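[1] Give me a 3D structure for the following:
(one chain, ligands or ions: 3)
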Amino acid sequence: MAAKPPAGDPVQDAPEVTPPQHAAAGLPAVGRSLRIAQQQMGVRRTALTLLRVNQKDGFDCPGCAWPEPDKRHAAEFCENGAKAVAEEATLRRVTPDFFAAHPVADLATRSGYWLGQQGRLTQPMYLPEGAERYEPVSWDRAFDIVADELTALGSPDEAVFYTSGRTSNEAAFLYQLFAREFGTNNLPDCSNMCHESSGSALTETLGVGKGSVLLEDHYKADLIVVAGQNPGTNHPRMLSALEKAKANGAKIISINPLPEAGLERFKNPQNARGIAGGGTALTDLFLQIRLGGDQALFRLLNKLILEASDSASGAGGGAIDEEFIREHTHGFEEFAAAARAADWDETLRATGLDRADIDRALRMVLASKRTIVCWAMGLTQHKHSVPTIREVVNFLLLRGNIGRPGAGVCPVRGHSNVQGDRTMGIFERPAPAFLDALEREFGFAPPREHGFDVVRAIRALRDGQAKVFFAMGGNFVSASPDTEVTEAAMRAARLTVHVSTKLNRSHVVTGARALILPTLGRTERDLQGGGPQFVTVEDSMGMVHASRGRLEPASSHLLSEPAIVCRLARRVLGPESRTPWEEFEKDYASVRDRIAAVIPGFEDFNERVSDPSGFALPHAPRDSRSFPTATGKANFTAASVEYPEVPAGRLLLQTLRSHDQYNTTIYGLDDRYRGIKNGRRVVLVHPEDAGELGLADGAYVDLVGEWKDGIERRATGFRVIHYPTARGCAASYYPETNVLVPLDSTADTSNTPASKSVVVRLEQTTPAAQTTPA
Ligand SMILES: Nc1nc2c(c(=O)[nH]1)N[C@H]1C(S)=C(S)[C@@H](COP(=O)(O)OP(=O)(O)OC[C@H]3O[C@@H](n4cnc5c(=O)[nH]c(N)nc54)[C@H](O)[C@@H]3O)O[C@H]1N2
Ligand SMILES: Nc1nc2c(c(=O)[nH]1)N[C@H]1C(S)=C(S)[C@@H](COP(=O)(O)OP(=O)(O)OC[C@H]3O[C@@H](n4cnc5c(=O)[nH]c(N)nc54)[C@H](O)[C@@H]3O)O[C@H]1N2
Ligand SMILES: [Mo]
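    Ligands and ions are numbered 1, 2, ... in the order given. As a prediction, this is how the structure comes out:
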């Protein structure tokens, strides 16, 4: 029974609404995760699989990148991790019969939810030019097809090699090596749409584009600020860390336009208090900020900290860490002048906060000797995200909160190995030192010119500058902005290739020819010529460890990601390549030896990764308060303050995740904590804004994007839900609303699509027109 997907397309979108909840996790979460897992895997496989998640001899959860504590529970997973595992370990299968029964044109009318629910891909499939259906193809023939198209290109830069963030370190290292040996730096990745703004801001100011804290630092902090992040849904294991931090006396400030249940209260299913008691209240101060108001808020706090330091008497009583600023930073004077100019009225307008709340926040900040700021997409997906995150860095530098225990920057990553993929060189703008090391180790001259990021890759495909699109995982068509533009761009390609575990929309919006290459997932046994293999991943805090799958692979035709890259490389590069692709495929330890030779911090990789707890990568600011920036110091910066201006009668829309999805993978149609059931085409609007717009609770509207290019972007048939979000702001789920995000509306410097900052008007309609697939 478990192996049968639902018949027909279940997306009816008849949302039912109850009031939002005020606590996350607890027993309902456990029940829910077991139910979803059993529907996909059956009872026995559920028990066997879930007990291995995040265990030292098990596999890394394919959910989020939050680290594992050293002392683990028998059940070291969360509700949403269980859903991610079930999605991969499902017993449902997509076979060649399925493709014979469903022409691509039919599949293109299905929702992303329906496509994903069909189960695991089992065989390589090929869509010839002009054909209506995918047909089975051998691996050899599939590699020939890719090689033919790649070698026919006028230049290697006409190919694009995308990566999503689940790819292991070994596969990622091989993949970038292949792309560069082929001759291009066109290595866009999901990070371009995700934490790129964090990387840009942190590299410039601290010299390392990663977080500067370890998990233990959370337990030592006096104050943890969680800005623009919904951990109850997207990083549920973080709630355990926050609970422990609170037990050790930490205070928490949440900054968010939405009152997210997971930040209000956590009922930990692993302890008695969480199961039977009321759980733990997490947030001490909730700042219900307007979308995009964070830079203004942090700027004003910085001004207030400086003013507090002026009035504090005596040495050491200062509100700022003068010694740290003197010894370790650059640019303080210019920054301080800009901060002192911050204006209360402007800040209140930009943030929608009141003065008393900001004063309370200031008192908590000044009372804390060790402060961590955590953030995610609420800070990274705005036009002014990079200066916003730089302002967070200013805020931490002022009081010396970098490179000391219990303090630092904590960009909470998304995909489970997105950070590792970057470390392995998946980056369209690689550092010269990295390319030098590749050149030394492998004896070819890697291309030096920068490649395309996601947005530039879409433009290049659209304009015919790129002709082959190859994806190592992910769902580029649904995850990217401006859906209609992206789909047209993909359709303009000569060939689109996806290495995937599950069916998704990117397989059905294709180039002239298309290939689906099915691969092993994290949970599965990976047997190669050299015996059973494991892979490695890096979590959000720079810890590297092994991941071993144990399940029987979903089909005997699957190849691992490293094997796919090695075979493709041999076929495309031919005998001239001096890289030992065959050996790499047989034995991933041989890949790790090369990683050790190329990437600093991986010395003795094979030996160190045999420690089940893994090892920490070096991080100069964290480890020694040294800053590998252009100035050799931590840089204060002084950008001008920006915040979105929204014309009258319009709302600022953020596109975010429900509780039942993993990016473009839809697990179900509920968003439990927000009180929404059985529907995804909803838009959350403040009751007073809705009143002014004449929209009753339950009214149906089209969301119409307004952008300076004057092109109308429309997402049809959304139900208005009166919801306690910040005034002037609205929220809807991604990817249904990606059609509204203009390709050119991106963050300055990082070029990340501004998915949390879309100006829309709401046009009332009747509930009939709601058939667009997700
Ligand atoms: N279960 C599950 N886990 C996931 C994912 C998933 O889809 N499902 N996705 C993974 C990935 S790739 C990522 S990147 C992370 C994403 O993790 P999150 O960033 O938590 O994901 P979003 O749903 O985009 O939520 C953004 C949060 O920021 C708030 N926000 C939006 N705009 C602003 C703003 O201008 N200022 C402030 N202060 N807050 C704002 C929103 O109200 C919301 O609470 O999660 C990862 N983990
Ligand atoms: N509007 C809007 N757009 C956004 C965002 C937003 O908040 N709002 N968030 C952005 C963010 S943060 C991100 S990270 C991107 C996500 O962009 P992507 O990473 O491209 O998208 P996913 O939905 O995570 O990819 C899911 C697909 O990955 C494949 N897959 C799963 N596991 C594996 C595996 O082990 N190996 C391989 N080869 N394939 C696998 C499956 O086929 C599945 O269908 O979306 C971005 N887009
Ligand atoms: Mo992400």
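[2] In the stretch 551-700 of the chain, which residue sits closest to ligand 3?
    Nearest residue of the stretch 551-700 of the chain to ligand 3, counting by Cβ to the ion: Asn663, 6.8 Å away. (Glycine included, C-beta is placed from N, CA and C.)
[3] Run a quick neighbour tally on that residue.
    For Asn663, the neighbour count with other Cβ atoms under 10 Å is 20.
[4] Need the pLDDT of it.
    Turning to Asn663, the model gives it a pLDDT of 97.
[5] what's near enough to touch it?
    Contact analysis of Asn663 by Cβ atoms under 8 Å, 6 or more residues apart in numbering lists Gly414, Asn475, Ala479, Arg657, Tyr734, Pro735.
[6] what does Leu517 give?
    With contact taken as Cβ under 8 Å, 6+ apart, Leu517 is in contact with Pro124, Ala142, Val497, His498, Val499, Ser500, Leu559, Ile564.
[7] sec struct for the third one, please.
    Reducing the assignment at Val497 to three states with DSSP: H, G, I helix; E, B strand; the rest coil gives strand.
[8] Now do the longest helix along the chain: which elements does it pack against?
    Longest helix of the chain, by residue count under DSSP state H: helix 294-311. Judged by 3 or more Cβ pairs under 8 Å, 6 or more residues apart in numbering; DSSP states H and E, the packing partners of helix 294-311 are helix 332-340, helix 344-351, helix 355-367, helix 385-398.
[9] Skip ahead from the longest one and say which helix or strand is next.
    Scanning the chain past helix 385-398 towards its C-terminal end, the next helix or strand to appear is strand 408-411 (assignment: DSSP states H and E).
[10] And the contacts of the helix or strand just after that next one?
    As assigned by DSSP H and E, the chain's next helix or strand after strand 408-411 is helix 418-423. Here helix 418-423 makes contact (Cβ under 8 Å, 6+ apart) with 65, 163, 165, 167-169, 172, 189-191, 194-195, 199, 209-210, 413, 536-540, 542, 544, 599, 601, 617.
[11] Let me have the contacts of Leu517 in a markdown table, adding distance to Phe452, neighbour count and pLDDT as columns.
    Listed next are the contacts of Leu517 as a markdown table, based on distance: Cβ to Cβ, whole Å; neighbours: other Cβ atoms under 10 Å; pLDDT from 0 to 100:
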| residue | distance to Phe452 | neighbour count | pLDDT |
| --- | --- | --- | --- |
| Pro124 | 26 | 24 | 98 |
| Ala142 | 24 | 22 | 98 |
| Val497 | 16 | 28 | 99 |
| His498 | 18 | 27 | 98 |
| Val499 | 19 | 26 | 98 |
| Ser500 | 21 | 21 | 98 |
| Leu559 | 27 | 22 | 98 |
| Ile564 | 22 | 26 | 98 |
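[12] and which of those residues is nearest to ligand 1?
    Ser500 (16.5 Å; Cβ to the nearest ligand atom).
[13] Could you check how far that closest one is from Pro124?
    Plainly put, Ser500 is 11 Å away from Pro124 if you go by Cβ to Cβ, to the nearest Å.
[14] Return every residue with contacts to both of the two.
    Shared contacts of Ser500 and Pro124, defined by Cβ under 8 Å, 6+ apart, comprise Ile516, Leu517, Pro518.
[15] Which of these fall in strands?
    Under the assignment DSSP state E, the shared contacts of Ser500 and Pro124 contribute Ile516, Leu517, Pro518 to strands.
[16] beta partners of the second one?
    On DSSP bridges, the residues paired with Leu517 through beta bridges are Val499.
[17] Now do the contacts for the residue lying closest to Thr637 once chain neighbours are set aside.
    Distances taken as Cβ to Cβ, 6 or more residues apart in numbering put Arg390 closest to Thr637, at 4.5 Å, once the chain neighbours are dropped. Counting by Cβ under 8 Å, 6+ apart, Arg390 touches Ala201, Glu204, Thr205, Thr637, Ala639.
[18] cool, Thr95 as well?
    Thr95 neighbours (Cβ under 8 Å, 6+ apart): Thr122, Gln123.
[19] just to revisit the earlier point, which of the helices and strands packed on helix 294-311 sits closest to ligand 3?
    helix 385-398 (13.4 Å).
[20] Next, see if the closest one gets close to ligand 2.
    No. Using Cβ under 6 Å from any ligand atom, helix 385-398 never reaches ligand 2; the gap is at least 12.2 Å.
[21] What are the phi and psi values at Leu527?
    Per-residue torsions, Leu527: phi -110, psi 120 (degrees, to the nearest 10).
[22] circling back: out of the contacts of Arg390, who's nearest ligand 1?
    Ala201 (15.0 Å).
[23] How about residues contacting the helix or strand harbouring Leu202?
    Leu202 belongs to helix 196-206 when elements are defined using DSSP H and E. Helix 196-206 is contacted from outside by 191, 208-210, 212, 375, 379-381, 385-390, 392-393, 397, 402, 409, 411, 422, 453, 621, 627, 629, 634-637, 747, 749-752, using Cβ under 8 Å, 6+ apart.
[24] Going by neighbour count, list what's buried in that helix.
    Buried residues in helix 196-206, counted by 16 or more other Cβ atoms under 10 Å: Glu196, Ser197, Ser198, Gly199, Ser200, Ala201, Leu202, Thr203, Glu204, Thr205, Leu206.
[25] ok, back up a step: buried residues, the longest helix of the chain. List them.
    Within helix 294-311, the residues that count as buried by 16+ other Cβ under 10 Å are 294-306, 308-309.
[26] so Ala513 touches Met125, yeah?
    Actually, residue 513 is Arg rather than Ala. No. Look at Arg513 against Met125 with Cβ atoms under 8 Å: they stay out of range, at 11.6 Å.
[27] who's more crowded, those two?
    The neighbour count for Arg513 versus Met125, taken as other Cβ under 10 Å, is higher for Met125 (25 against 21).
[28] Next, the contact list for the closest residue to that one other than its chain neighbours, please.
    Distance criterion Cβ to Cβ, 6+ apart; nearest residue to Met125, sequence neighbours excluded, is Tyr134 at 4.0 Å. Counting by Cβ under 8 Å, 6+ apart, Tyr134 touches Phe99, Val104, Met125, Tyr126, Leu127, His507, Ala514, Ile516.
[29] Would you confirm that the fifth one contacts Thr510?
    Yes. Using Cβ under 8 Å, Leu127 and Thr510 qualify as a contacting pair, with a distance of 5.9 Å.
[30] Look up the residues that both of the two are in contact with.
    Residues touching both Leu127 and Thr510 by Cβ under 8 Å, 6+ apart: Val104.
[31] biggest strand in this protein by residues?
    Secondary structure of the chain per DSSP E: the longest strand is strand 713-722.
[32] Would you mind measuring the gap between the ends of stretch 457-467?
    End-to-end distance of stretch 457-467: 10 Å, with Cα to Cα, to the nearest Å as the criterion.
[33] if I look at the closest residue to ligand 3 within the stretch 251-400 of the chain, how far off is Phe605?
    With Cβ to the ion as the measure, Met377 is the residue of the stretch 251-400 of the chain nearest to ligand 3, at 6.8 Å. Distance, Met377 to Phe605, using Cβ to Cβ: 31 Å.
[34] The two: which is more packed in?
    Met377 (26 against 22).
[35] isn't the more buried one right next to Thr233, touching?
    No. Using Cβ under 8 Å, Met377 is not in contact with Thr233; the gap is 11.7 Å.
[36] what residues does the stretch 301-450 of the chain put near ligand 3?
    Proximity of the stretch 301-450 of the chain to ligand 3, by Cβ under 5 Å from the ion, involves residues Gly414.
[37] give me phi/psi at Met472?
    The phi/psi pair for Met472 (degrees, to the nearest 10) is phi -90, psi 90.
[38] who's it bridged to?
    Assessed by DSSP bridges, Met472 has beta-bridge partners Thr163, Val499.
[39] domain assignment for this protein?
    What automatic domain parsing lists as the domains of the chain is 23-88, 121-191+417-519+559-618, 196-411, 651-765.
[40] about what we covered before: in PyMOL, how would I select the buried members of the contacts of Tyr134?
    Selecting only the buried entries of the contacts of Tyr134 in PyMOL, with 16+ other Cβ under 10 Å as the criterion:
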select buried, resi 99+104+125+126+127+507+514+516
